[in-house]
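Chemist: Show me how the following folds:
(2 chains)
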Amino acid sequence: MKANNTILFFLALPAGLVFLAFFLIPMVRLLGIGASGDEGVAAYFSILTTPRHFQSMVATVLLSCSVTLAAVAVSTVSGLFLVRNQFPGRSVLISMLTLPLTFPGVVIGFLVILLAGRQGVLGTFTQAVIGDKVVLAYSMAGLFIGYLYFSIPRVILTVMAAAEKLDAALEEAARSLGAPTWRVVWDVILPALKPGLIASGAICFATSMSAFGTAFTLATNIDVLAMTIYTEFTLGANLAGAASLSIVLGLVTWAALFIARSLSGSAVAGGG
Amino acid sequence: MKSRTFFWLQLAFTLVLCAFLIGPVLLSVAAGVTENYFQGISSGITLRWVMEVLALYMDTIYLSLWIAVCCLLSNLVLGVPVAYVLAKKGGRLARFLEELIVLPIAIPGLAIALALIVSYGGFRDFRTGWAFILVGHILYTLPFMVRSVLAVLQSINFRELEEGAASLGAGFSQRFFGIIIPNCRSGILAGALMTFTLSIGEFNLTWMLHTPLTKTLPVGLADSYASMRLEVASAYTLIFFILIVPVLILMQALTNRRF
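Modeler: Next up, the predicted model:
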C-alpha cells in the first residue's frame, strides 16, 4: 500500500486548506493585532492591569465557578439516579434533561426573561405571595439562571457516561461489608466518578466563561468578559484591546477543555 | 422502606430539574400563541403573532436553513475524509492534528469572528455575503463531524475490513465508498444532525459576521428580543423550536440509545 500516503494527503487537503486560510492564519493575525495597540505586548496583561478588565474577569470567573459547582451538584444527583434506576418514563426524563443541549445562548436569555423578567412567572408569583415583584433576569442572578440552564444538559450527559462505567462489584463489596448508603456514595461512588465530574466541571466552566448570547440578551449593565470584549470592539473601537482580551479568554477556555478531554476522552461542548 | 423514600426523593428532584429546563420552553410556546400575554391565556389563542413574524422575518428563516444545509454538505465533504485520515494514521501527529481541529470549539466565537473580520474584512463582496457566515459556521461545526465519525472508526476494526476488500482486489475509492462510508454511517448521521442544529442556532460568531442584509434566524431573534413585544418574540422563538426540536429528538434517539 505505497500510494496510500499520497491518497491520505489529498483526502485531508481540502479541510486543511480551509482550516489554514480561515482559522490558523486569521488567529495568528489576531495575535499580532492584540499587541499592536498603544501598549504593545502589554495589552495581553491588561486583564490584570486595567481595572475594568480585571473586574470583568473576576466577575466572570466567580460566575462560572458558581455555575459549575451548582450544575455538577444537581446533575450528579439526577444523573446517578437515572443511570442506577429503571422505571417507566425514565427515557422521557433523559430526553427532557438533554433537549436544551444545543439551544443558542440568545434563546436561553429569552427563556430567563420569561422566567424571571419584568413580566416573568417569578415576578407574578412573588407579587401574589409576598406583594413584591421579584425581577432577577437582568442581574448576575439572571445570568446564573441562564448559565445553569445551558450547563445542566452537558454535565448530565458526561456524568451519566461516567456512571455507566462504574464497577458494580465494588459497591456490592462495600454493602456486604455493612456500609450504609451514604458511605457507599461518599467512599465508593463519588471517588470513582471523580474524573468524570472534573471533566464535566471543566466543560461547564469553559462554556460559561465564553458564553456570549445569554449575556447579550440579558446583561444591559453587567460586564462579563464576553460583553467587555464586545463593547471594546463595537463601542470603544478598540480592536487591539478586544483582540488581546479574546485571546486571553480563548487560552483559559482551551486549557479548561484540554483538562476535560484528557480526563474523559470526549467533551460535550457547544455554544452558550 | 428507607430506600423507597430515597428513590422518591431523587425522582422528585429530577422532576424539578426537568420542570426548570422544559417549563420555560412551554412558557414561550404559550406566549407565542396568546392574544395578550399580560392578561394571560384567557385573552384567547391566536396565530396572529406567528403570522407577523413570518411576514417580518421570513428571510432570516430561509437564510438560516440555507446556511445550515451548506454547512452540513461542507462538513460531509471536508470532515468525513479527515476523520478517516486521522483514524488511519493514528499516533502522535494525528492526535496533534485532532487537537488543532477541535480548537474552534474551545476558542470563543467572538475571537474567531474578530480574527475573520481583521483578515477578510477588506474583501467587500466576501465580507457582506452569506458565505462569510458559512465559513464561521464550518469552522465551528467541523470538529463535531470529525469527532463523531472518528469515534465510530475507532470502535470498529476498519483496517481489517479494508484489508479484506483490498485482498479481493478493491481499489481505494471502492474501499472508501463501499466499506468505510457505510460502516461509519451512524457517526456521519449523528455528526450531520449535530452540525445542522448547531448551524441553525449559531449566534456568537454570526452576530459579529452578519450584515443588515445577511441576518440569520438567531440574529433576528436577538433583534426581536430587544425591540419587539413579548408575544412576537415568543412566536419567533416558537418557530425556531419547531425547526430544531424534531432534529434534536432524532439526534437523541441516535445517541442516547446506550443509556
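
Chemist: Any idea how far the helix or strand harbouring A:Thr124 is from the middle of the chain?
Modeler: Element membership for A:Thr124 (DSSP states H and E) is helix A:121-130. Offset of helix A:121-130 from its chain centre (CA atoms, centre = their mean, to the nearest Å): 30 Å.

Chemist: List of residues touching it?
Modeler: With contact meaning CB atoms under 8 Å, 6 or more residues apart in numbering or on different chains, helix A:121-130 is reached by A:Leu114, A:Leu115, A:Ala116, A:Gly117, A:Asp132, A:Lys133, A:Val134, A:Val135, A:Leu136, B:Leu27. For the C-beta atoms, the positions are set from N, CA and C on the backbone; glycine is no exception.

Chemist: repeat that with 7 Å
Modeler: With CB atoms under 7 Å, 6 or more residues apart in numbering or on different chains as the test, helix A:121-130 has contacts from A:Leu115, A:Ala116, A:Asp132, A:Lys133, A:Val134, A:Val135, A:Leu136, B:Leu27.

Chemist: And stretch B:212-229, by the same measure?
Modeler: By CB under 7 Å, 6+ apart, stretch B:212-229 touches A:104, A:106-107, A:110, A:216-217, B:57, B:60-61, B:63-64, B:67, B:128-130, B:133, B:200-203, B:206-207, B:210, B:232-233, B:236-237, B:240.

Chemist: Same question for stretch A:247-259.
Modeler: If you take CB under 7 Å, 6+ apart as the criterion, stretch A:247-259 is touched by A:30-31, A:34, A:44, A:47, A:202-203, A:205-206, A:209-210, A:225, A:267, A:269, B:103, B:106-108, B:111.

Chemist: Return the set of buried residues in it.
Modeler: Neighbour-count burial for stretch A:247-259 flags A:Ile247, A:Val248, A:Leu249, A:Gly250, A:Val252, A:Thr253, A:Trp254, A:Ala256, A:Leu257, A:Phe258, A:Ile259 (criterion: 16 or more other CB atoms under 10 Å in any protein chain shown).

Chemist: contacting residues for A:Ala202?
Modeler: Contact analysis of A:Ala202 by CB under 7 Å, 6+ apart lists A:Ala256, A:Leu257, A:Ile259, A:Ala260.

Chemist: So which elements touch the lowest-mean-pLDDT helix or strand in chain A?
Modeler: None of the helices or strands of chain A scores lower by mean pLDDT, DSSP states H and E than helix A:46-49, at a mean of 79. Under the contact criterion of 3 or more CB pairs under 7 Å, 6 or more residues apart in numbering or on different chains; DSSP states H and E, helix A:46-49 touches helix A:51-84, helix A:239-264.

Chemist: Which SSE is immediately downstream of the particular helix or strand that has A:Pro153 in it?
Modeler: Assigned by DSSP H and E, A:Pro153 belongs to helix A:140-164. Helices and strands here follow DSSP H and E; after helix A:140-164, the next one along the chain is helix A:168-176.

Chemist: Residues contacting that next one, please?
Modeler: Contacts of helix A:168-176 (CB under 7 Å, 6+ apart): A:Val184, A:Asp187, A:Val188, A:Ile189.

Chemist: what about the first one, how many residues close to it?
Modeler: By the other CB atoms under 10 Å in any protein chain shown criterion, the neighbourhood of A:Val184 contains 18 residues.

Chemist: what's the burial count for the spatially closest residue to it that is not a sequence neighbour?
Modeler: Excluding the flanking residues, the one nearest A:Val184 by CB to CB, 6 or more residues apart in numbering or on different chains is A:Ala174, at 5.0 Å. A:Ala174: 18 surrounding residues under other CB under 10 Å.

Chemist: From chain B, how far off is A:Ala174?
Modeler: 15 Å (CB to the nearest CB, to the nearest Å).

Chemist: again, but for A:Gly117
Modeler: A:Gly117 is 9 Å from chain B, by CB to the nearest CB.

Chemist: which residues sit in contact with that residue?
Modeler: Counting by CB under 7 Å, 6+ apart, A:Gly117 has contacts A:Val135, A:Ala137.

Chemist: ok, now with 10 Å
Modeler: By CB atoms under 10 Å, 6 or more residues apart in numbering or on different chains, the contact list for A:Gly117 reads A:Gly109, A:Phe110, A:Leu111, A:Gly123, A:Val135, A:Leu136, A:Ala137, A:Tyr138, A:Gly142, A:Leu218, B:Leu230.

Chemist: Counting neighbours, which of these comes out on top?
Modeler: A:Phe110 (31 neighbours).

Chemist: I figured that residue hits B:Ala235, correct?
Modeler: No. Using CB atoms under 10 Å, A:Phe110 is not in contact with B:Ala235; the gap is 11.8 Å.

Chemist: what sits in contact with each of those two?
Modeler: B:Ser28, B:Ala31, B:Ser224.

Chemist: Can you add neighbour count, secondary structure and pLDDT and give those back as CSV?
Modeler: Shown next, in CSV, are the shared contacts of A:Phe110 and B:Ala235 (neighbours: other CB atoms under 10 Å in any protein chain shown; DSSP: H, G, I helix; E, B strand; the rest coil; pLDDT from 0 to 100):
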residue, neighbour count, secondary structure, pLDDT
B:Ser28, 24, helix, 91
B:Ala31, 22, helix, 89
B:Ser224, 23, helix, 92
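
Chemist: quick one: the residue most central in space within chain A and A:Asp223, what's the gap?
Modeler: Nearest to the mean C-alpha position of chain A, counting by CA atoms, centre = their mean, stands A:Thr207 at 2.5 Å. From A:Thr207 across to A:Asp223, the span is 19 Å (CB to CB, to the nearest Å).

Chemist: cool, A:Ile156 as well?
Modeler: 30 Å.

Chemist: more neighbours, the two?
Modeler: Between A:Ile156 and A:Asp223, counting by other CB under 10 Å, A:Ile156 is the more crowded of the two (28 against 17).

Chemist: The more buried one: what's it in contact with?
Modeler: A:71-72, A:74-79, A:82, A:94, A:97-98, A:101, A:200, A:268, B:14, B:17, B:21 are the contacts of A:Ile156 under CB under 10 Å, 6+ apart.

Chemist: what angle do the helix holding A:Thr124 and helix A:140-164 make?
Modeler: Our comparison of helix A:121-130 with helix A:140-164, counting by axes from the mean of the first three to the mean of the last three CA atoms, to 10 degrees, yields an angle of 110 degrees.

Chemist: for the record, mean pLDDT for helix A:121-130?
Modeler: Here helix A:121-130 scores 85 as its mean pLDDT.

Chemist: thinking again about what came up before, okay, the contacts of A:Ala202 in JSON lines with distance to A:Ala237 next?
Modeler: JSON lines is the format used below for these (distance: CB to CB, whole Å):
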{"residue": "A:Ala256", "distance to A:Ala237": "30"}
{"residue": "A:Leu257", "distance to A:Ala237": "31"}
{"residue": "A:Ile259", "distance to A:Ala237": "36"}
{"residue": "A:Ala260", "distance to A:Ala237": "36"}
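
Chemist: What is the nearest of these to A:Lys165?
Modeler: Here the nearest of the contacts of A:Ala202 to A:Lys165, counting by CB to CB, is A:Ala260; it sits at 16.3 Å.
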